[in-house]
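*Asks:* coords please:
(2 chains)
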Amino acid sequence: MKVSRRTLLTGAAGVVALGKTAVASAQAPADSTKVRGKPSRALGQRAPTEKPQRNARGATSSGTPHQDLMGTITPSDLHFERHHGGVPDIDPKGYSLLVHGMVERPMVFTLADLKRFPAVSRVHFLECSGNFGGRTGSVELTPQVVAPLTSNSEWTGVALATIFREVGAKPQAKWFLAEGQDAALLTRSIPIAKAYDDALIAYGQNGEAIRPEQGYPARLFLPGWEGNSSVKWIRRIELSDRPFMTREETSKYTDPMADGTARMFSFLMDARSLITYPAYPVTLTRGWIEINGIAWSGSGKIKRVDISTDGGGTWAAAKLQEPVLSKAHTRFRHRWNWTGGEAVIMSRAVDETGYMQPTRSELIAMRGVSSVGYHYNPITAWQVRADGTVVFRAEEWT
Amino acid sequence: MKREALGVCIIAAVAALSSAGLPLRAQSRSMPAAKSQPAKPAAGEAAKSSPKEAAPLGIGRPATPAEIAALDIDVGPDGAGLPPGRGTAADGAPIYAARCAGCHGKTGKEGPNDVLVGRLTGDAFPFAKDPRAPKTIGSYWPYATTVFDYIRRAMPPDAPNSLSDGDVYNLVAFLLVQNELVPADAVIDAASLPKVKMPARDHFVPDTRGRPK
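*Replies:* As a prediction, the model looks like this:
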């Protein structure tokens, strides 16, 4: 084959373009059917024009870009992060999980041991209990800022009940301590009933090993419960007849109430929904659009999501994407004809227990205005202006 | 497949799952027809410990007492797990100044990170009403033992898990004195720490959401 100088130069330019994916789109051929495409490669990448990003919130968390996502599964590299001592670097070969305390047989399990147990895979959301970013007063907030810390994955692992049978959990054990192998050695006390209900030791996320930010090589996963209790990088479980009263479950992750009490061990994540389109910074054009978003409940399946386009005056049930899974993000969709003019659109979730997502006023009447805002799941509204721009409807909080 | 044959398959599958140690509750939930199927009797010592238990699968290895002792650093609200040693505020002050004050302030009240020192007046517990009320050890922490447990496992962030047990006792004593929870000359050790009365303790209640009323 005769290779001209021109071909060589073009080839070299092509290699440079491959190395800089950001500029590749600018060099996309006018007609892709006239140019042979790229060869196969070991690791796939997003189209160079697609650049979804987590938003770093300081060094200790980053949020999922809900406005860029569709369906229900959160791509693993966009799953939110929250950590208390940084993301540890753990060699899977040296990893082990110690289970001791009120057990017949204290045991050590390597990662290979955990994978030898009968495995289960389930789709579940994970949400940090401090997941409300709508209190800044700004209206220029994206879905990613309003509810950054919820994501949805298929988790694979071994049922914690299987491990508790392996070690012979004693009948007097009512709680267990879960401890992480991070620099915070993060600990939470968990009622043992959760282990026999649906808790996992998870090592898989969306078909591959769990990401480091999500607990590699293995984590506790408690479906429907506040993210902090699903201890990542888990290295030790101790069974006991009482809780341990760790820092995370006393001075943090407790909920001051209007009556002067504070709730402890408030694990359950109540039902919530969020419209992810249309939302800031979208600008609408007149005509039919599909309002859509995600709804989820720590108590089970989403039964219904109601949509209002008149600020809560009237409500209509949205269509739910099937299958609706328990304790999982559920995509809802609702057709709406925007004929111009101002509108306030909002969603409210109802779960299979009958629980309905509350308004901000209902939450404040019950809970007061908490300084941290754990477990705040108010109905959230987006304001459509006459020119089609969409902004977050900010409400007074303090 | 015929219905009868399918039924036999389900029973066989349940028996196989039971012997594999899978959660019996999960099985009965997804297969109500199999509820009356007797679980396979657990063998050996497993049968003695818990009625929920099935035979172990023989995966993993026994943990040695030394392995457990190396990792088992948690301290309970009853003081279980507190190590030998003792501390005083006088000995804790210089350690606090060197290792803690940079983040928590000279006296524990200044920040910029979590405010550790401060008391409320009377029976006030204003946290739901006042978002600015700092949740200090003296105003919000319900158990003094947590202070020891948390400092030992996670502080300081630039060198976590680096303080000696004696250093931790001294720091705990310093912080309890700063919060006026113990006298200035108090000696904090495994016996005295669990007895420290924390003002916020009685404000904490169990969460009742999601439970039948």
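
*Asks:* worst-scoring helix or strand of the chain, pLDDT-wise?
*Replies:* Defaulting to chain A. helix A:5-19 (a mean of 41; mean pLDDT, DSSP states H and E).

*Asks:* Can you look at chain B instead?
*Replies:* Lowest mean among helices/strands of chain B [mean pLDDT, DSSP H and E]: helix B:24-30, a mean of 34.

*Asks:* B:K129 and A:G368 touch, don't they?
*Replies:* Yes. Contact criterion C-beta atoms under 8 Å: B:K129 and A:G368 qualify, at 5.2 Å. For glycine as for every other residue, the C-beta is placed from the backbone atoms N, C-alpha and C.

*Asks:* what do the two both touch?
*Replies:* A:A258 (C-beta atoms under 8 Å, 6 or more residues apart in numbering or on different chains).

*Asks:* which of these two has more neighbours?
*Replies:* For B:K129 versus A:G368, the count of surrounding residues by other C-beta atoms under 10 Å in any protein chain shown is larger for A:G368: 20 against 16.

*Asks:* Report the contact partners of the more buried one.
*Replies:* Here A:G368 is in contact with A:256-258, B:127-129 (C-beta under 8 Å, 6+ apart).

*Asks:* Give me the three-state assignment for the nearest residue to B:R152 once chain neighbours are set aside.
*Replies:* Closest residue to B:R152 apart from its sequence neighbours, by C-beta to C-beta, 6 or more residues apart in numbering or on different chains: B:V168 at 4.8 Å. Under DSSP: H, G, I helix; E, B strand; the rest coil, B:V168 falls in the helix class.

*Asks:* measure the closest residue to chain A within chain B to A:A262 for me?
*Replies:* Nearest residue of chain B to chain A, counting by C-beta to the nearest C-beta: B:A128, 2.7 Å away. Note on B:A128: its distance to A:A262, by C-beta to C-beta, to the nearest Å, is 8 Å.

*Asks:* which residues are in contact with both of these two?
*Replies:* Between them, B:A128 and A:A262 share the contacting residues A:P256, judged by C-beta under 8 Å, 6+ apart.

*Asks:* Alpha carbons of the helix or strand hosting B:F148, as PDB, please.
*Replies:* Element membership for B:F148 (DSSP states H and E) is helix B:145-154. Coordinates of each C-alpha in helix B:145-154 appear next as PDB, following Å, rounded to 0.1, in the frame of the first residue of the first chain:
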ATOM      1  CA  THR B 145     -17.700   7.900  76.800                       C
ATOM      2  CA  THR B 146     -18.300   8.900  73.100                       C
ATOM      3  CA  VAL B 147     -15.700  11.700  73.600                       C
ATOM      4  CA  PHE B 148     -13.000   9.200  74.400                       C
ATOM      5  CA  ASP B 149     -14.100   6.700  71.600                       C
ATOM      6  CA  TYR B 150     -14.200   9.400  68.900                       C
ATOM      7  CA  ILE B 151     -11.000  11.200  69.700                       C
ATOM      8  CA  ARG B 152      -9.100   7.900  69.800                       C
ATOM      9  CA  ARG B 153     -10.500   6.600  66.600                       C
ATOM     10  CA  ALA B 154     -10.500   9.700  64.400                       C
END
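
*Asks:* avg pLDDT for it?
*Replies:* Mean pLDDT, computed over helix B:145-154, is 98.

*Asks:* Not counting it itself, show me its contacts.
*Replies:* Contacts of helix B:145-154 (C-beta under 8 Å, 6+ apart): A:84-85, A:183-187, A:244-247, A:250-251, B:73-79, B:81-82, B:137, B:141, B:160-161, B:163, B:165, B:168-169, B:171-172, B:175-176, B:193-194.

*Asks:* The same query, at a cut-off of 7 Å, please.
*Replies:* Residues outside helix B:145-154 that contact it (C-beta atoms under 7 Å, 6 or more residues apart in numbering or on different chains) are A:85, A:184-185, A:245-247, A:250, B:73-77, B:79, B:82, B:137, B:141, B:160-161, B:163, B:168, B:171-172, B:175, B:193-194.

*Asks:* Same check on stretch B:159-178?
*Replies:* A:85, A:183-185, B:83, B:85-89, B:91-93, B:95-96, B:107-108, B:116-117, B:137, B:144, B:147-148, B:151-154, B:182, B:184, B:186, B:188-189, B:193, B:196.

*Asks:* and residue 122, helix, strand or coil?
*Replies:* Since you didn't name a chain, this refers to chain A. Classified using three-state DSSP, A:R122 is strand.

*Asks:* OK, contacts around it?
*Replies:* A:W155.

*Asks:* Which strand residues bridge it?
*Replies:* A:W155 (DSSP bridges).

*Asks:* On the pLDDT front, check it for me.
*Replies:* 98.

*Asks:* any idea how far A:V282 is from it?
*Replies:* Distance from A:R122 to A:V282, by C-beta to C-beta: 33 Å.

*Asks:* Check B:P126 too.
*Replies:* 40 Å.

*Asks:* got a list of what the closest residue to A:L325 other than its chain neighbours touches?
*Replies:* Closest residue to A:L325 apart from its sequence neighbours, by C-beta to C-beta, 6+ apart: A:V123 at 5.1 Å. By C-beta under 7 Å, 6+ apart, the residues touching A:V123 are A:152, A:154, A:325, A:328.

*Asks:* Let me know the secondary structure of B:A173.
*Replies:* Strictly by three-state DSSP, B:A173 counts as helix.

*Asks:* how about low-confidence regions in the stretch 251-398 of chain A?
*Replies:* Applying pLDDT under 70 to the stretch 251-398 of chain A flags residues A:370-372, A:397-398.

*Asks:* What segments of it are strands?
*Replies:* A:255-256, A:262-264, A:272-277, A:287-296, A:302-308, A:316-317, A:319-320, A:330-338, A:343-351, A:380-384, A:390-392 (DSSP state E, counting those that start in this stretch).

*Asks:* Tabulate those strands in TSV, adding columns for mean neighbour count and distance to A:F164.
*Replies:* Shown next, in TSV, are the strands of the stretch 251-398 of chain A (neighbours: other C-beta atoms under 10 Å in any protein chain shown; distance: least, C-beta to C-beta, whole Å):
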stretch	mean neighbour count	distance to A:F164
strand A:255-256	26	29
strand A:262-264	21	24
strand A:272-277	25	31
strand A:287-296	20	27
strand A:302-308	22	30
strand A:316-317	12	41
strand A:319-320	16	35
strand A:330-338	19	31
strand A:343-351	23	28
strand A:380-384	23	39
strand A:390-392	20	45
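
*Asks:* mind giving me the domain ranges of chain A?
*Replies:* Using automatic domain parsing, the domain ranges for chain A come out as A:59-259, A:272-392.

*Asks:* how many other residues sit next to residue 120?
*Replies:* Reading this off chain A. A:V120 has 17 nearby residues by other C-beta under 10 Å.

*Asks:* that answer is for a different chain, and I need it for chain B
*Replies:* By other C-beta under 10 Å, the residues close to B:L120 number 16.
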